[in-house]
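Undergrad: Here is my input; please provide its structure:
(2 chains)
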Amino acid sequence: MSDRAWVATRKGLFELRRAHDRWRIGGASFLGDPVTAVLPPDPAAPARPMIAALNLGHFGVKVHVSENRGETWQEAATPVYPPQPPDAGADLEWKLQQVWTLAGKGDDVWAGTLPGGLFRSRDAGQSWQLNEALWNDPRRREWMGGGYDAPGLHSIVLDPRDDDPSHQRMLVGVSTGGVWASEDGGASWALFGEGLRAEYMPPERAYDPIAQDVHRLAACASQPDAVWCQHHNGIFRSTDGGRTWHEIRDVPVSSFGFAVTADPNDPRRAWFAPAVADVRRVPVAAAFAVLRTDDGGHSFAVLREGLPQSHCYDLVYRHCLDVGSDGRTLMMGSTTGSLWASTDGGAHWQTISTSLPPIAAVVLERG
Amino acid sequence: MPRVVFTQQLARFTEAPEIDADAATLAQALEAAFAANPRLRGYVLDDQSHLRRHVAVFVDGRRLRVRENLDVPLAPASTVHVFQSLSGG
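TA: Residues are numbered from 1 along each chain as shown, chains lettered A, B, ... in the order given. Predicted coordinates for the structure are as follows:
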């Protein structure tokens, strides 16, 4: 387990370092600029630099890489969409709005974006290729805005069992557009998601896989067929790699939220950060709780020790709850700039800050 | 020759010096600037080659209203200002 973490915020990228079980904020990169996603260094891919995605308010999305763990940065290439064909339909969003997530495996880097494109870079961000198989799938026209006005691809789950990139199994989650799967490194795609249920749709379409507002997907690293989904109106679990899902009922506190993180070693264990509901995105009773299940969703522990229990209006967004490779270290950041960490699986939390900028992503480095 | 002036806010990110461009249109003038610094293109135009939503262009003091067609005629004495909008910050 590494003693470093990265927090991407509305006003810069912050480095966190741990010493003697205490986390402290270190340096800041891009101070003042919105950072939307970060891919830290990976000991399993030593040739790959660290990557950060910015979304400059005036001048658009930019990608920067660092060869020295964030000490200095160089601007790299930005993913770009091909020219919009005249017959594509004016209603279809066709411009890069934001890099929403970054994922890496070996020297491959993937970027999920608003308005929904999946991009791949094989040269550490110096060039990007749009995944045209998914982008040109006619079913994509059914995607809708979820967290933003345009649909967005926020989760990229790469199966760690696959070594050959051309046979890479992967899942992507779209808000709103369901769970998509590839078994050939993105050359072809299937729409998964049987069993997901959308309360916000007309009854006859409640189980339509493409109508599912997946908020976040997270798989157990050591048993990747165990996948968790924090969905717009519930928590779901799959034990067959995302093909079929069952809804977890009787969730304490609330089953609404954005974030889920999966234990890398135990497929039955995951953490969630609930809020009241879509129409009231604040903690239940203004008291912050984290949920942890240790038994595949049959029961949940409600974890509050060290978290604010009165007048708390923090919301933990989908990329802002992460568990380390030890399965015990957790870090969590909120849209009001609070940052918390736990060293014991969420039983106790320490407050690192309550005054950071709005937090877009929290990533613990893998050791 | 028309002159193109960029907000120096851009200097935080990439070089954007004033240039005199042998150009008859705004599109040509911007292309001359991008030829000198290719990275500048992505800061001013989006991936569909439209003027970015929160970038403001003034030609001889008048704000450009269109974002998609930049074939706006320039006079030899024209000055183009490329600024950031107040929105988008």
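
Undergrad: what ranges do the helices span in the chain?
TA: No chain specified, so I'll use chain A. Residue ranges of the helices in chain A, as given by DSSP state H, are A:132-135.

Undergrad: right idea, wrong chain: chain B
TA: Listed in chain order, the helices of chain B (DSSP H) span B:26-36, B:41-44.

Undergrad: what sits up against the last one?
TA: Put plainly, it is helix B:41-44. A:56, A:59-60, A:62, A:78, B:10, B:13-14, B:16, B:30, B:34, B:51-52, B:55, B:82 (CB atoms under 8 Å, 6 or more residues apart in numbering or on different chains). To be clear about C-beta, it is placed using only N, CA and C from the backbone, and glycine gets the same treatment.

Undergrad: export that helix as CSV, just CAs?
TA: The C-alpha trace of helix B:41-44 is given here as CSV (Å, rounded to 0.1, in the frame of the first residue of the first chain):
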residue,chain,number,x,y,z
ARG,B,41,-5.3,26.2,-31.8
GLY,B,42,-6.9,24.0,-29.1
TYR,B,43,-7.1,26.9,-26.8
VAL,B,44,-9.1,29.1,-29.1
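
Undergrad: Any idea how far that helix is from the middle of the chain?
TA: Its chain's C-alpha centre and that of helix B:41-44 lie 9 Å apart, by CA atoms, centre = their mean, to the nearest Å.

Undergrad: same check, this time on stretch A:157-168
TA: On CA atoms, centre = their mean, the centre of stretch A:157-168 falls 19 Å from the chain's centre.

Undergrad: What distance do you get for the closest residue to residue A:66 other than its chain neighbours to residue A:72?
TA: The shortest distance from residue A:66 to any non-neighbouring residue, by CB to CB, 6 or more residues apart in numbering or on different chains, is to residue A:50 (4.4 Å). To residue A:72, residue A:50 is 11 Å away according to CB to CB, to the nearest Å.

Undergrad: what sits in contact with each of those two?
TA: residue A:66.

Undergrad: Most tightly packed of the helices of chain B?
TA: helix B:41-44 (a mean of 21; mean count of other CB atoms under 10 Å in any protein chain shown).

Undergrad: Report the rounded mean pLDDT for that one.
TA: Helix B:41-44 shows a mean pLDDT of 97.

Undergrad: do the same with stretch A:172-192
TA: Averaging pLDDT along stretch A:172-192 yields 97.

Undergrad: do you know which of the helices of chain B lies nearest residue A:22?
TA: For residue A:22, the closest of these is helix B:41-44, at 40.2 Å, according to CB to CB.

Undergrad: what does chain B have sitting close to chain A?
TA: Of all the residues in chain B, those in contact range of chain A (CB under 8 Å from any CB of the partner chain) are B:9-10, B:13-14, B:39, B:42-44, B:46-50, B:52, B:54-55, B:84-85, B:88-89.

Undergrad: What subset of those is buried?
TA: Listed as buried from those are B:10, B:13, B:14, B:42, B:43, B:44, B:46, B:47, B:52, B:54, B:55, B:84; burial here means 16 or more other CB atoms under 10 Å in any protein chain shown.

Undergrad: Just the ones of those residues in strands?
TA: Within those, residues falling in strands by DSSP state E are B:55, B:84.

Undergrad: for the closest residue to residue A:294 other than its chain neighbours, what are its contacts?
TA: What sits nearest to residue A:294 in space, not counting adjacent residues and going by CB to CB, 6+ apart, is residue A:269, at 5.1 Å. Going by CB under 8 Å, 6+ apart, residue A:269 touches A:262, A:263, A:292, A:293, A:294, A:327.

Undergrad: Pick the one among these closest to chain B.
TA: Closest approach between the contacts of residue A:269 and chain B, by CB to the nearest CB: residue A:262, at 33.7 Å.

Undergrad: Check whether that closest one really touches residue A:270, as I assumed.
TA: Yes - using CB atoms under 8 Å, residue A:262 is in contact with residue A:270, at 4.8 Å.

Undergrad: Looking at these two, which one has more neighbours?
TA: Neighbour comparison, residue A:262 and residue A:270: the larger count goes to residue A:270, with 29 against 25 (by other CB atoms under 10 Å in any protein chain shown).

Undergrad: Next, work out how far apart that one and residue A:294 are.
TA: Residue A:270 is 9 Å from residue A:294, by CB to CB.

Undergrad: How many residues are close by residue 3?
TA: Just going to use chain A. The burial count for residue A:3: 16, using other CB under 10 Å.

Undergrad: wrong chain, I was asking about chain B
TA: 15.

Undergrad: mind listing what the closest residue to it other than its chain neighbours touches?
TA: Excluding the flanking residues, the one nearest residue B:3 by CB to CB, 6+ apart is residue B:79, at 4.8 Å. Contacts of residue B:79 were listed using CB under 8 Å, 6+ apart, and they are B:2, B:3, B:4, B:5, B:59, B:60.

Undergrad: Now do the same contact list for residue 59.
TA: Let's take chain A. By CB under 8 Å, 6+ apart, the neighbours of residue A:59 are B:10, B:13, B:42, B:43, B:44, B:52, B:54, B:55, B:84.

Undergrad: look at chain B instead
TA: With contact taken as CB under 8 Å, 6+ apart, residue B:59 is in contact with B:26, B:72, B:74, B:78, B:79, B:80.

Undergrad: which residue packs closest to the third one, ignoring adjacent ones?
TA: Nearest-residue entry for residue B:74: residue B:2, 4.4 Å, with adjacent residues in sequence omitted and distances by CB to CB, 6+ apart.

Undergrad: The fourth one now?
TA: For residue B:78, the nearest residue in space outside its immediate sequence neighbours is residue B:2; the separation is 4.3 Å by CB to CB, 6+ apart.

Undergrad: Could you report the separation of residue B:42 from residue A:244?
TA: Per CB to CB, residue B:42 is found 42 Å from residue A:244.

Undergrad: what's the neighbour count on the closest residue to residue B:1 other than its chain neighbours?
TA: Excluding the flanking residues, the one nearest residue B:1 by CB to CB, 6+ apart is residue B:20, at 4.3 Å. If you count neighbours by other CB under 10 Å, residue B:20 ends up with 11.

Undergrad: Equivalent analysis for the one 5 residues further on, please.
TA: Using other CB under 10 Å as the criterion, residue B:25 is surrounded by 16 other residues.

Undergrad: Dig out what it forms beta bridges with.
TA: For residue B:25, the beta-bridge partners are residue B:73 (DSSP bridges).

Undergrad: Provide a list of residues in contact with it.
TA: With contact taken as CB under 8 Å, 6+ apart, residue B:25 is in contact with B:70, B:71, B:72, B:73, B:74.

Undergrad: Next, format the buried ones among the residues of chain B next to chain A as CSV and append distance to residue A:282.
TA: Shown next, in CSV, are those (distance: CB to CB, whole Å):
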residue, distance to residue A:282
B:10, 39
B:13, 36
B:14, 41
B:42, 38
B:43, 37
B:44, 40
B:46, 35
B:47, 36
B:52, 34
B:54, 30
B:55, 36
B:84, 34
